[in-house]
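> Show me the folded form of this:
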Amino acid sequence: MSPDLDLTPLQTGRTALRRLLDLDSRVFEAAAAWHWPGAERVLPRLSRSANHGVLWFGTAAAMAAIRTPRARRAAVRGVASLALASLTINTVGKRSVRRARPVLDPVPLVRQLKRQPITTSFPSGHAASAAAFATGVALESPAWGAVVAPVALSVAASRVYTGVHFPSDVLAGAALGAGAAFLVRRLVPTRAQLRGPMRPHAEVPALPEGEGLVMVANQGSGTADRVRALKAALPEAEIVECAPEDVADALAKAASRARVLGVCGGDGTVNAAAEVALRHGVPLAVLPGGTLNHFAYDLGVEDERDLARAVRHGEAVRVDAGRFVTADGPGLFLNTLSLGVYPELVRERDRWSHRIGGWPAGILGALRVLRADRHPLEVQLGGERRPLWLLFVGSGIYHRMGLSPGRRTDLADGLLDVRVVHGSRRPALRLLAAAAAGPLTRSPAHAAVQVNRLRLTGIAPGTPLAYDGEVTSVSGEMTLEKLPEALTVYRPQKTSA
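Numbering: from 1, shown residues only. This is a model prediction of the structure:
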């Protein structure tokens, strides 16, 4: 051995590790000897229910069944965090430190699990899953996190209580699980992270009980529960429920007597309400009631609580609207407008949605459109005739953070977000590549640019045009432009958790 080799740091480290392990064992034995009032019936069963994540998948399903966007997002984020934590534990964690399970002698028989785990002890997979799910849920919705957290803590404690883990196993697992949830948030930001500047604020009437608000609800969108909840929150509001074919007439009549025009329905219904609100010069109150609700969600209104808070306190912003002008006259779009394959997808989705539901119909429509034998659309764009599979125009820039879908963080930026997928013999491959690459990527297959005005010419007669979920046809020439800060819309300064 070299006389210059100093083993003191190594020996010191080993001594510190032995002390930590001894402390860990003493805490485990103290926990085994301690009487946990009422825990004998609960904790072993709770520990078993968390095997293979069953408890958390069931919790996520119950949250999703509540059918509020915030609860669904929290459930999905919790499951995604759990999946990442489990993958890390099973591929790296258990193989890195091969620690034996505690000796069960100090643990009362009534606490012990009927089937003892056979994997190594460090770190605790149950604690990692519990912490990952609870942290993921809390990052999206603190309120739901407060509901889930006590259960997660109980599951983690149950692993020491039943004698299958040392306390340090549980602490390490919990830290790993929480870290997985934060990593998921980095990859897929929460809605709070995506919220950008909503400007400028607008002066609107505050209606503490909803007096002066006339809310038109599209019965075809299944809005009954939403409008009943809003009526309970704003008892003086007037609710007008009507069939889809009567929405336009109901909106016009409501706007003539309302201080605030309200609308509950999908994006197409909201589009119709926005046109009426602009024509009558009244502010708009939007309650999401459709399948996608892009405008309401980008605005920051997810449910009746958000809208009621804004109406009570008179909180609103001015937002842009997009306008397109064709030979048949002008039209309005609040979200997106597109030519090419997307209008065909919308038609296929509408054809099947009443039979199999909105999301399955959208998937079926995409498959049918991408597999069909067709030629690309040809338009005159920028002085050059170009074959296109898709021309997308967003009212406002759609941002993409991490792996999350594109959303708008500013509805008053004055810009049109224009993207094209160039024509070729393989539309499916190019469209999927454009979707995967993100909205601001440029390549031979797809490109994006932001402008405030766009002119298209040479559009073939009968070309399908989709805007805010509605489909019509266009031919010849079309001009698109932004109407800056044209629409005043209620929006809470702070949304509920």
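> Which residue lies nearest the spatial centre of the protein?
The centroid of the chain falls nearest to R73 when counting by Cα atoms, centre = their mean (5.0 Å).
> Okay, buried residues for the helix or strand harbouring that residue please.
In this assignment (DSSP states H and E), R73 forms part of helix 69-88. Using 16 or more other Cβ atoms under 10 Å as the test for burial, helix 69-88 gives 70-86, 88. For the C-beta atoms, the positions are set from N, CA and C on the backbone; glycine is no exception.
> And that helix, what does it pack against?
helix 54-65, helix 125-140, helix 142-161, helix 167-187 (3 or more Cβ pairs under 8 Å, 6 or more residues apart in numbering; DSSP states H and E).
> so how far is L84 from E477?
According to Cβ to Cβ, to the nearest Å, E477 and L84 sit 51 Å apart.
> returning to that earlier point: in contact with the residue nearest to the centre of the chain, which residues?
Contact analysis of R73 by Cβ atoms under 8 Å, 6 or more residues apart in numbering lists 140-141, 190-191.
> Could you check the pLDDT of R259?
The confidence metric pLDDT takes the value 96 at R259.
> re the thing from before, let me see the mean pLDDT of the helix holding R73.
On average, the pLDDT along helix 69-88 is 91.
> Send me it as CSV with only the CA atoms.
This file holds the C-alpha atoms of helix 69-88, laid out as CSV (Å, rounded to 0.1, in the frame of the first residue of the first chain):
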residue,chain,number,x,y,z
PRO,A,69,-61.2,20.2,-16.8
ARG,A,70,-59.1,21.0,-13.7
ALA,A,71,-59.9,17.6,-12.1
ARG,A,72,-59.2,15.7,-15.4
ARG,A,73,-55.9,17.5,-15.9
ALA,A,74,-54.9,16.8,-12.3
ALA,A,75,-55.8,13.1,-12.7
VAL,A,76,-53.8,12.8,-15.9
ARG,A,77,-50.8,14.6,-14.4
GLY,A,78,-50.9,12.4,-11.3
VAL,A,79,-50.9,9.2,-13.4
ALA,A,80,-48.1,10.4,-15.6
SER,A,81,-46.0,11.3,-12.6
LEU,A,82,-46.7,7.9,-11.1
ALA,A,83,-45.8,6.1,-14.3
LEU,A,84,-42.4,7.9,-14.5
ALA,A,85,-41.7,7.2,-10.8
SER,A,86,-42.5,3.5,-11.2
LEU,A,87,-40.4,3.2,-14.3
THR,A,88,-37.4,4.8,-12.5
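> The longest helix along the chain - contacts with which helices or strands?
Secondary structure of the chain per DSSP state H: the longest helix is helix 8-33. Contacts defined by 3+ Cβ pairs under 8 Å, 6+ apart place helix 8-33 against helix 142-161, helix 167-187.
> So what's the gap between stretch 308-325 and the chain middle?
With Cα atoms, centre = their mean, to the nearest Å as the basis, stretch 308-325 stands 21 Å off its chain's centre.
> That one: which residues count as buried?
308-312, 314-324.
> before we move on, what about stretch 481-495?
481-482, 485-492, 495.
> mean confidence for it?
89.
> still on that earlier bit, just put the helices and strands packed on helix 8-33 in CSV and tack on distance to G281.
As requested, those are arranged in CSV below (distance: least, Cβ to Cβ, whole Å):
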stretch, distance to G281
helix 142-161, 37
helix 167-187, 42
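> and stretch 291-306, C-alpha only, in PDB?
Taking Å, rounded to 0.1, in the frame of the first residue of the first chain, the C-alpha atoms of stretch 291-306 are listed here in PDB:
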ATOM      1  CA  THR A 291     -66.300  19.300 -26.300                       C
ATOM      2  CA  LEU A 292     -63.100  21.300 -26.700                       C
ATOM      3  CA  ASN A 293     -63.900  24.900 -25.500                       C
ATOM      4  CA  HIS A 294     -60.600  26.300 -26.800                       C
ATOM      5  CA  PHE A 295     -61.600  30.000 -26.500                       C
ATOM      6  CA  ALA A 296     -62.900  29.700 -22.900                       C
ATOM      7  CA  TYR A 297     -60.000  27.700 -21.700                       C
ATOM      8  CA  ASP A 298     -57.400  29.900 -23.300                       C
ATOM      9  CA  LEU A 299     -59.200  32.800 -21.800                       C
ATOM     10  CA  GLY A 300     -59.000  31.300 -18.300                       C
ATOM     11  CA  VAL A 301     -62.600  30.400 -17.700                       C
ATOM     12  CA  GLU A 302     -63.000  26.700 -17.000                       C
ATOM     13  CA  ASP A 303     -66.300  26.400 -15.200                       C
ATOM     14  CA  GLU A 304     -69.100  28.300 -13.600                       C
ATOM     15  CA  ARG A 305     -67.100  29.300 -10.500                       C
ATOM     16  CA  ASP A 306     -64.500  31.100 -12.700                       C
END
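> Identify the residues contacting that stretch?
Counting by Cβ under 8 Å, 6+ apart, 68-70, 195, 198, 226, 229-230, 233, 266-267, 270, 286-288, 307, 310, 317, 319, 334-336, 358-359, 396, 407-409, 411, 468-469, 489-492, 495-496 sit against stretch 291-306.
> Among the residues you listed, the buried ones, what's the ChimeraX command?
Buried residues within the contacts of stretch 291-306, by 16+ other Cβ under 10 Å, are selected in ChimeraX with:
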select :68,70,198,226,229,230,233,266,267,270,286,287,288,307,310,317,319,334,335,336,396,407,408,409,411,468,469,489,490,491,492,495
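> From the contacts of stretch 291-306, which land in strands?
286-288, 317, 319, 336, 407-408, 489-490 (DSSP state E).
> Lowest-confidence entry in these?
Comparing the ones in strands among the contacts of stretch 291-306 by pLDDT, R407 comes last, at 77.
> which residues does that residue contact?
By Cβ under 8 Å, 6+ apart, R407 lies in contact with 194, 297-298, 398-399.
> Farthest pair within those?
Y297 and H399 (14.1 Å; Cβ to Cβ).
> Could you double-check that M63 sits in contact with A71?
Yes: between M63 and A71 there is a contact under Cβ atoms under 8 Å: 4.6 Å.
> Pull up the overlap in contacts between these two.
W144.
> one step back: which one of the helices and strands packed on helix 8-33 lies closest to R99?
Using Cβ to Cβ, the helices and strands packed on helix 8-33 put helix 167-187 closest to R99, at 7.3 Å.
> In that closest one, which residues are buried?
167-174, 176-181, 184-185.
> tell me the contacts of the nearest residue to M63 once chain neighbours are set aside?
Among residues not flanking M63 along the chain, A75 sits closest, at 4.0 Å (Cβ to Cβ, 6 or more residues apart in numbering). With contact taken as Cβ under 8 Å, 6+ apart, A75 is in contact with 59-61, 63-64, 137.
> Kindly recompute the last result at 6 Å.
60, 63-64 (Cβ atoms under 6 Å, 6 or more residues apart in numbering).
> So for V151, what's the pLDDT?
We have a pLDDT of 96 for V151.
> no wait, R26
pLDDT, read off for R26, is 89.
> What's the local residue count around it?
11 (other Cβ atoms under 10 Å).
> what do you get for the one 3 residues further on?
When counting by other Cβ under 10 Å, one arrives at 15 neighbours for E29.
> State the distance from R385 to V489.
R385 is 39 Å from V489, by Cβ to Cβ.
> again, but for Y398
Taking Cβ to Cβ, one finds Y398 at 19 Å from V489.
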